[in-house]
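K.L.:
got a sequence here, can you build the structure:
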Amino acid sequence: MSSNHALHRTVLFALVLGALVATTGVHSAQASAPCDPPNVISQEVCDMDSFYGSPPRQLPVGWNAFVHSGDPNFYQDQHTFFGGSNLTIASTNPFKAGIYTQVGVTPGAGYRASISWGAPNVPDLFGRQLGIDPTGGTDPTAATVIWGPMHWGEGRILNYPPPDVNIDVRARALGETITVFFLTDHPSTAADDLILIDVIALYPDESAPAVELPPTATPEPAAEAEVAAASEAVVEVAAAQPETQALPVVDPPAATATPTETPTATPTATATATPTAKPSPTPTDTPTPLPTAT
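P.N.:
Below is the predicted model of the structure:
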């Protein structure tokens, strides 16, 4: 089974390369040395001849992988129009994934990202797209990424002069670093599908338009300030509440002085020595002397 698979891939790539040579003709000279100056991506990173790691995440030196969906296999291969190594991304299932690299640039200058080799075995099932983040960010989902056109269908060399296939993208650097992305979208599969990737360059290009970043990020500090203020208010209220609750705790000790009713001299009523009613002898009224009989 494995030998049949290897034979299938050998025949497939022979057909791909044969078709490419037959159809590119005069265009091949245009992409003969795309990693040379004025390209500003280093030669080693641009030509993808050196790799690190191991499958399923074996990548060209200077590049990092990202995966939006699926679980594709990234590995070093030897099937490129330019000779040497290339990156292959393959899977038996749908996927959406890519690679990115950060490049040192001149702030404010214009640049154009360009890929020479993006060859899928089933062209109609693979979208191919380049992006630039002029802020140097590495999140392919960020609003700061400027994406070029997505190409589907025939076309393995992707930087022909228009109107032929060209997915170049332009942007102006907002700092000393920009990030170049390559994305491939493979929403459905025919069998063991793959795409061959090689030679991604970045050229100075003063035709690049000014960058207008979306204002969505600016409200965040205000919102954060509101949340912080609200949290501070909650803390203040929470801190104040224990004080009001503590007041009743202090009052009861003062009120407990009521048991000191020891001066309740109500028993002093016992001083009513009513038995000392000495006047009761008053009945001893002196007998009136009877007249003595003479």
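
K.L.:
so residue 96 sits in a strand?
P.N.:
Yes. Assessed with DSSP: H, G, I helix; E, B strand; the rest coil, residue 96 lies in a strand.

K.L.:
that one and residue 127, how far apart?
P.N.:
9 Å (Cβ to Cβ, to the nearest Å). Glycine gets a C-beta too; all of them are placed from N, C-alpha and C.

K.L.:
mutual contacts of the two, please.
P.N.:
183-187 (Cβ atoms under 8 Å, 6 or more residues apart in numbering).

K.L.:
mind picking the two most distant members of these?
P.N.:
Greatest spatial distance in the shared contacts of residue 96 and residue 127: 183 and 187, 12.7 Å, computed using Cβ to Cβ.

K.L.:
residues bridging contact with the two, i.e. touching both?
P.N.:
The overlap between the contact sets of residue 183 and residue 187 (Cβ under 8 Å, 6+ apart) consists of 96, 127.

K.L.:
tell me where this protein has helices.
P.N.:
For the chain, the helices defined by DSSP state H occupy 2-24, 43-47, 219-255.

K.L.:
worst mean pLDDT among these?
P.N.:
Across those, helix 2-24 has the smallest mean pLDDT, namely a mean of 45.

K.L.:
tell me, how many neighbours does residue 61 end up with?
P.N.:
Neighbour count of residue 61, defined by other Cβ atoms under 10 Å: 14.

K.L.:
tell me if I'm right that it and residue 52 touch.
P.N.:
Yes. Here residue 61 reaches residue 52: they are 5.8 Å apart, a contact under Cβ atoms under 8 Å.

K.L.:
all strands in this protein, in order from the N-terminus.
P.N.:
51-52, 59-60, 64-69, 73-77, 86-91, 95-104, 110-120, 127-133, 146-147, 151-152, 169-172, 177-186, 193-204 (DSSP state E).

K.L.:
skipping adjacent residues, who's closest to residue 203 in space?
P.N.:
Sequence neighbours aside, residue 112 is the residue nearest to residue 203 in space, at 5.0 Å (criterion: Cβ to Cβ, 6 or more residues apart in numbering).

K.L.:
so in terms of bridging, what pairs with the one you found?
P.N.:
As for beta bridges, residue 112 partners with residue 170, residue 203 under DSSP bridges.

K.L.:
same check on residue 101?
P.N.:
residue 180.

K.L.:
how many residues are close by it?
P.N.:
Per other Cβ under 10 Å, the neighbour tally for residue 101 reads 21.

K.L.:
ok, now residue 147?
P.N.:
Other residues close to residue 147 by other Cβ under 10 Å number 15.

K.L.:
same check, this time on residue 96
P.N.:
Residue 96 has 17 nearby residues by other Cβ under 10 Å.

K.L.:
next up, the contacts around it.
P.N.:
67-70, 183-187.
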